[in-house]
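*Asks:* no sequence for this one, just the structure:
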């Protein structure tokens, strides 16, 4: 691993092959991923004419792909690895601490930092949440027999990795849950979560609906997404807005909260049973916090989350402008972000009667 970082052999033909793979991935990108990209770019929109760091695309764009060369790959490695050895974390499981320190010193101890303060590209500049809208009308799929759905998502800013709202937001996401209209397998699929009960089971035209979150050092996004046939996207968007109003106006039930806390603890503990996940968790926590919290501490924080904490997170989040993202081959029926903002503010349209299976 040390040799791979310090002196990798990167050939031109390898880079060109990977560029072809990236280009194929761009052509075949799932709409859910494109919608998530849109949320980031719209949520942290340009300020003073400049693109914010959290508003940059996560995946390589077609414009940037042409600039990808052997030299640019080496330059990136030198700037973010060799010039900043203080950012390298060596983590491991199944090995004694002293032995790991000895190996780390032997392989990485000689790397000296290089002053790059004059390089603006190497500095992290905190991003400011703006809210906004992203709309992408995608081309029809190659399979004409496959039914195409339109995807919508509404998100708000929440605290980042260092926020006291981090754990309540995770509990809230688990409580909302959700998923696809088709679910195979046994118990434990979250089918008693709120979005399953109040959107997927209530509206037969719903293809999927689920809560999501993404966290960064200084900020994060939390929201709800859904997909359905194009002609039902307005109803789908309104159904998502209703969930935000319910969370703002009413406490979640004790049963929902207990189930969400237990499910989140189960997910954390199950993941940490894998050594692959364990040493990655160690590395990520050291990079983020400078220390690692054990599973018992994390479970105690989850148990401490109350229904008041949940409502406080929601109320604080929706005071800000929303971020709205939609992707599909037909998005003409999707409302604009200005109308969604009015709905969230309480100016709701007359509710149409809907048939329910329950």
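*Replies:* Now that the structure is in, tell me what you want to look at. Please read all numbers here as calculations on a predicted model, not as lab measurements.
*Asks:* any idea how far the closest residue to residue 232 other than its chain neighbours is from residue 178?
*Replies:* Leaving aside its chain neighbours, residue 232 sits nearest to residue 205 (4.6 Å; criterion: CB to CB, 6 or more residues apart in numbering). C-betas here are computed from N, CA, C, even on glycine. Between residue 205 and residue 178 the computed distance is 15 Å (CB to CB, to the nearest Å).
*Asks:* of the two, who's got more company?
*Replies:* Taking other CB atoms under 10 Å, residue 205 and residue 178 do not tie; residue 178 has more neighbours (25 against 14).
*Asks:* what backbone torsions are found at that one?
*Replies:* Residue 178 has phi and psi values of phi 100, psi -170 when expressed as degrees, to the nearest 10.
*Asks:* can you name the residues that contact it?
*Replies:* Neighbour list for residue 178: 190, 193-196, 199-200, 208-211, 224 [criterion: CB atoms under 8 Å, 6 or more residues apart in numbering].
*Asks:* same thing with residue 209?
*Replies:* By CB under 8 Å, 6+ apart, the residues touching residue 209 are 178-179, 195, 199-200, 224-227, 239-240.
*Asks:* repeat that with 6 Å
*Replies:* Residues counted as contacts of residue 209 (CB atoms under 6 Å, 6 or more residues apart in numbering) are 178, 195, 199-200, 226.
*Asks:* out of those residues, who's the most crowded?
*Replies:* Busiest of the contacts of residue 209 [other CB under 10 Å] is residue 226, holding 28 neighbours.
*Asks:* that one against residue 237, yeah?
*Replies:* No - with contact defined as CB atoms under 6 Å, residue 226 does not reach residue 237; the gap is 7.8 Å.
*Asks:* what's next to stretch 287-304, contact-wise?
*Replies:* When contacts are defined by CB under 6 Å, 6+ apart, stretch 287-304 is touched by residues 89, 161, 167, 261, 264-265, 268-269, 272, 282, 285.
*Asks:* in the sheet, who's paired with the most centrally placed residue in the chain?
*Replies:* Closest residue to the average C-alpha location of the chain: residue 214 at 3.3 Å, with CA atoms, centre = their mean. Beta bridges link residue 214 to residue 221, judged by DSSP bridges.
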